[in-house]
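> below: sequence and its predicted model.
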Amino acid sequence: MMKKNSLLIFGRKYIILSLFLFVALESRSQDILPPKPYGAIPTDNQVEWQKMEYYMFIHFGPNTFTDKEWGDGSEDPRVFNPTNLDTRQWARIAKEAGMKAIIITAKHHDGFCLWPSEFSTHTVRESPWKDGKGDILKELSEACKEYGLKFGVYLSPWDRNHPDYGTSKYNQIFANTLQEVLSNYGEVFEQWFDGANGEGPNGKIQKYDWPLFHSVVYKNQPNAIIFSDIGPGTRWIGNESGIAGETNWSTLNTEGFGLGKLAPNQKVLNTGNENGQNWIPGEADVSIRPGWFYSPKTDNKVKSLSQLLNIYYSSVGRNANLLLNVPVDRRGLIHPNDSTRLMEFRNVIDATFKSNLAKGKKVLVPNTRGNAKKYGAQNLTDENFDTYWTVDDGINNATLTLDLGKRTEINRLVLEEYIPLGQRIKSFSVDYWNGDEFVELDKQTTVGYKRILTFSTIKTDKIRINIVANAAPILSEIQVYKAPEIIESPVLSRTKDGLISIESGSTDAMVTYTTDGTDPTFQSKRFDKPFNFRKGGIIKSRTFINNGKDFSDVVMAEYDMATDKWKSSENSKSVADTDVQNAFDGNSETTWVTKKSGEPYSQEISIDMGEMLTIGSFTYTPSLSDSQAGNIYKYNFYVSDDGTKWQKIVSNGLFGNIKNNPIKQTVNFDKKYKARFIKLESLSQVDEKADWISIAEIGIKPE
Ligand code: FUL
Ligand code: CA
């Protein structure tokens, strides 16, 4: 009894004492100010925006019905006729995919408005959909609200339909259009401005009044993030493949730059500028299909799971937000091939980031700012972005050691910088304890809001992170994960004369394939020896192990006709540095560039296919290397029986969006032609200054 009492008294004293100590320590900790912001810093809205990480883009409009990437504005609005449009289906899928918002192409370059705009006669009102009484922005903004998603709009000032485009009246008209969109559909989290600035219906180019356009946004949607090549809210990442630079600063110098042709070069947009004057973080946009708009021709070309994962790690994993385009189909619904893939993707992401193996674990740090708990190392493993560890001013480099307590299998490492005070880390390396010593795992540059490193599984109990920063580093989180192992996909190749080989990733694996566009199963045709595929088409393949129980992702390869009989009949005219063969060697990594510096250049290529063929289309693969400036933009295409008398079958064709998205182009003719010779003539290149043309590949599709 006595004993218990004294213990109680002692206990009480102890509590009072420690309470006193705690208060004293805490008040000291309150006195210690956080580091001063370093360089350009984000607005609160930009921080909130960055936390969204992943959201949906939807391209939808007349192009959905015409197989085009860029409509020319002369499309009959009656082509726009979705039979089953349901914006709630889009929102549900976006939500289930783990996305935070939807941005819709309210008006693309063809000028068609997805709402009945007062300022245009080329809108849903002129279409048969809902007898001209529909409004997609209204329906979608409501569906987003219902599903707890934010709503954003893409608007192209380039308008290939509006009769006033290219005149002094147009800027105000566009401002009115913008006003209409931004004042009628509730909150808009992001205003996406396309910088494209081409010719309108009168052949004139508009000089845009950006200050006017921005003022309309700020007036109506003061919290909206403005996207463009140079922000000011978020910047284009410099490609349409969803890949941010390994080095990715959220700061950018914009003085003297503009949009479109006036933008900083794509490499700079990809990496940002270290110590750049403005906080303009990157947004990586990419389509889940080869093009931005739906086409039935791409139903079996939806990006694979591994492609999507690679995009995720190269965007969200590199300090950029991911804007993934899921084009709505001709019914007005997201196609099941796309939604299935989105769910597969979400499942893998969830399984990967389900359990943070560093949570609550100790991190040994060399210094803590003012020795204050508030800036202590425990903040690094509390899964809270808003609490951080930082150091005393003057300390820019630090080595931290995460102690996992026991040997643990991991293959992902996440670092997060507390960006409200600026982006500071310049480079870092990671070592792990292998039982005997620390060995280097990776060495990288920037971190930013989030950096995810992927590596093959290691077993370790200690991870060491060595940081080099431009100012005292401020780190919110260190996390580690073990992503489920994936089975290597097979690798396909074809010889010039058309023999296909498929290699599985591992030894005891079995590989099956299909040639009809469907996903291969364990029961599909088994690959055992190279087979002939001269005619071309699509091959899909997959690796199976454990008697079909486990399998890889599906890989797809698309081949044009084999070109072993092809010759360029006119190459004597060209004075190329590179071999004309590069244009049809079945390898899109080799490019024919038509000019040696200072010499006249060939603007065309003509090919003898060696036999009479029936053709209904051709393909052009632009260069992805240094010679991109010479990629063909406008062109004529001819066929011939004898290589002398040519019939022009495509006149003034245009590879829409080839500059920003240099992917293989397929051009379908109005009918089928019989020919032995083909000729592609360039009328202009993506860079007007390029006085050569680049052809990575020309092909013919099988008929
Ligand atoms: C580009 C446009 O030209 C494409 O058609 C697409 O809308 C892409 C997202 O932006 O600038
Ligand atoms: Ca934290």
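Done, it's in. Ligands and ions are numbered 1, 2, ... in the order given.
> host element of F213?
Under the criterion of DSSP states H and E, F213 resides in helix 210-220.
> how long is stretch 164-178 from one end to the other?
Here the two ends of stretch 164-178 are set 16 Å apart, with distance taken as CA to CA, to the nearest Å.
> ligand 2 contacts on this protein?
When proximity is defined by CB under 5 Å from the ion, the chain lies next to ligand 2 at 379, 382, 384, 387, 476-477. For glycine as for every other residue, the C-beta is placed from the backbone atoms N, C-alpha and C.
> tell me which residues of stretch 504-519 are tucked away?
504, 509-515 (16 or more other CB atoms under 10 Å).
> of the residues you listed, which belong to strands?
Of these, the ones assigned to strands by DSSP state E are 510-514.
> now the residue nearest the centre of the chain: closest residue in space, sequence neighbours ignored.
A centroid search over the chain (CA atoms, centre = their mean) returns G242, at 1.9 Å, as the residue closest to the centre. Distances taken as CB to CB, 6 or more residues apart in numbering place V286 nearest to G242, at 3.0 Å, with adjacent residues excluded.
> rounded mean pLDDT for stretch 133-140, please.
Per-residue pLDDT over stretch 133-140 has a mean of 98.
> what does it contact?
60, 85, 87, 90-91, 102, 104, 106, 114-116, 124-125, 127, 151, 153, 181, 184-185 (CB atoms under 8 Å, 6 or more residues apart in numbering).
> close to ligand 1, is stretch 630-644?
No - judged by CB under 6 Å from any ligand atom, stretch 630-644 and ligand 1 are separated, with a smallest distance of 12.5 Å.
> okay, buried residues for that stretch please.
Burial within stretch 630-644, assessed by neighbour count using 16+ other CB under 10 Å, is assigned to 630-633, 635-640.
> now swap in stretch 472-490 and tell me
472-483, 487-490.
> and stretch 369-384, which residues are buried?
For stretch 369-384, burial by neighbour count (16+ other CB under 10 Å) applies to 369-370, 372-377, 379-381.
> out of those, who's nearest D72?
D72 has its nearest neighbour among these in L380, at 54.6 Å by CB to CB.
> ramachandran angles for that closest one?
phi -70, psi -20 (degrees, to the nearest 10).
> same check, this time on K496
phi -60, psi -30.
> can you report how many residues neighbour it?
As a burial measure, K496 scores 14 neighbours (other CB atoms under 10 Å).
> on that earlier part again, what sits up against the helix holding F213?
157, 171-172, 174-175, 178-179, 182-183, 188, 191, 193, 224, 226, 232, 258-259.
> recalculate using a threshold of 7 Å.
Under the contact criterion CB atoms under 7 Å, 6 or more residues apart in numbering, helix 210-220 has outside partners 171, 174-175, 178-179, 182-183, 191, 224, 226.
> stretch 601-616 now?
565-570, 573-574, 583-584, 594-595, 643, 668-669, 672-682, 691-693, 695, 698, 700, 703.
> what residues sit buried inside that stretch?
601-609, 613, 615.
> of all those residues, which comes closest to ligand 1?
Distance to ligand 1 across these (CB to the nearest ligand atom) is lowest for Q603, with 24.6 Å.
> what are the phi and psi values at that closest one?
phi -100, psi 10.
> identify the residues contacting the nearest residue to D585 once chain neighbours are set aside.
Among residues not flanking D585 along the chain, K496 sits closest, at 6.6 Å (CB to CB, 6+ apart). Residues near K496 by CB under 7 Å, 6+ apart: 562-564, 585-586.
> would you turn those residues into a markdown table with secondary structure and pLDDT?
Formatted as a markdown table, the entries for the contacts of K496 read as follows, by DSSP: H, G, I helix; E, B strand; the rest coil; pLDDT from 0 to 100:
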| residue | secondary structure | pLDDT |
| --- | --- | --- |
| A562 | coil | 94 |
| T563 | coil | 93 |
| D564 | coil | 92 |
| D585 | coil | 90 |
| G586 | coil | 87 |
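> quick one: list the elements packing against whichever strand or helix holds S339.
Counting by DSSP H and E, the element that carries S339 is helix 336-352. Counting by 3 or more CB pairs under 7 Å, 6 or more residues apart in numbering; DSSP states H and E, the packing neighbours recorded for helix 336-352 are helix 87-96, helix 305-315.
> need these in CSV with distance to D519, can you?
As requested, the helices and strands packed on helix 336-352 are exported to CSV (distance: least, CB to CB, whole Å):
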stretch, distance to D519
helix 87-96, 20
helix 305-315, 11
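> tabulate those helices in JSON lines, adding columns for mean neighbour count and mean pLDDT.
Converted to JSON lines, these look like this (neighbours: other CB atoms under 10 Å; pLDDT from 0 to 100):
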{"stretch": "helix 87-96", "mean neighbour count": "20", "mean pLDDT": "98"}
{"stretch": "helix 305-315", "mean neighbour count": "21", "mean pLDDT": "97"}
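> which one of those helices lies nearest to L624?
Using CB to CB, the nearest of the helices and strands packed on helix 336-352 to L624 is helix 305-315, at 16.0 Å.
> who touches that closest one?
242-244, 284, 286, 322, 341, 344-345, 348-349, 452, 454, 489, 553.
> only C-alpha atoms, please: export it in CSV.
Taking Å, rounded to 0.1, in the frame of the first residue of the first chain, the C-alpha atoms of helix 305-315 are listed here in CSV:
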residue,chain,number,x,y,z
LEU,A,305,1.3,-1.6,-68.6
SER,A,306,5.1,-1.4,-68.6
GLN,A,307,5.0,1.6,-70.8
LEU,A,308,2.6,3.3,-68.5
LEU,A,309,4.7,2.5,-65.5
ASN,A,310,7.8,3.8,-67.2
ILE,A,311,5.9,7.0,-67.9
TYR,A,312,4.8,7.3,-64.3
TYR,A,313,8.4,6.9,-62.9
SER,A,314,9.6,9.4,-65.5
SER,A,315,7.1,12.0,-64.7
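> show me what the helix or strand following it packs onto, helices and strands only.
Counting by DSSP H and E, the element after helix 305-315 in chain order, helix or strand, is strand 321-325. Counting contacts by 3+ CB pairs under 7 Å, 6+ apart, strand 321-325 packs against strand 54-58, strand 282-287, helix 305-315.
> re earlier: let's have the helices and strands packed on helix 336-352 in a markdown table, adding distance to ligand 1.
Shown next, in a markdown table, are the helices and strands packed on helix 336-352 (distance: least, CB to the nearest ligand atom, whole Å):
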| stretch | distance to ligand 1 |
| --- | --- |
| helix 87-96 | 17 |
| helix 305-315 | 14 |
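> my read is that N253 contacts G276, right?
Yes - with contact defined as CB atoms under 7 Å, N253 and G276 form a contacting pair (4.8 Å).
> the helix holding S339 vs strand 321-325, what angle?
150 degrees (axes from the mean of the first three to the mean of the last three CA atoms, to 10 degrees).
> buried set for helix 336-352?
337-339, 341-342, 344-346, 348-349, 352.
> now do it: everything it contacts.
By CB under 7 Å, 6+ apart, helix 336-352 touches 93, 96-98, 288, 299, 302-303, 305, 308-309, 312, 326, 412, 481, 483-484.
> what about the helices in this structure?
Assigned by DSSP state H, the chain shows helices spanning 2-31, 44-50, 63-66, 87-96, 136-146, 170-184, 210-220, 266-271, 305-315, 336-352.
> for the closest residue to E142 other than its chain neighbours, give me its contacts.
In space, and not counting its chain neighbours, E142 is closest to T87: 7.6 Å by CB to CB, 6+ apart. By CB under 7 Å, 6+ apart, the contact list for T87 reads 136, 139-140, 143.
> using CSV, lay out those residues together with distance to D519.
Shown next, in CSV, are the contacts of T87 (distance: CB to CB, whole Å):
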residue, distance to D519
I136, 32
E139, 33
L140, 31
A143, 30
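> okay, among those, which ones form the most distant pair?
Between any two of the contacts of T87, the greatest separation by CB to CB is 10.2 Å, found for I136 and A143.
> more neighbours: which of the two?
Comparing I136 with A143 by other CB under 10 Å, the one with more neighbours is I136, at 25 against 21.
> what separation is there between that one and T399?
Distance of I136 to T399, computed by CB to CB, to the nearest Å: 54 Å.
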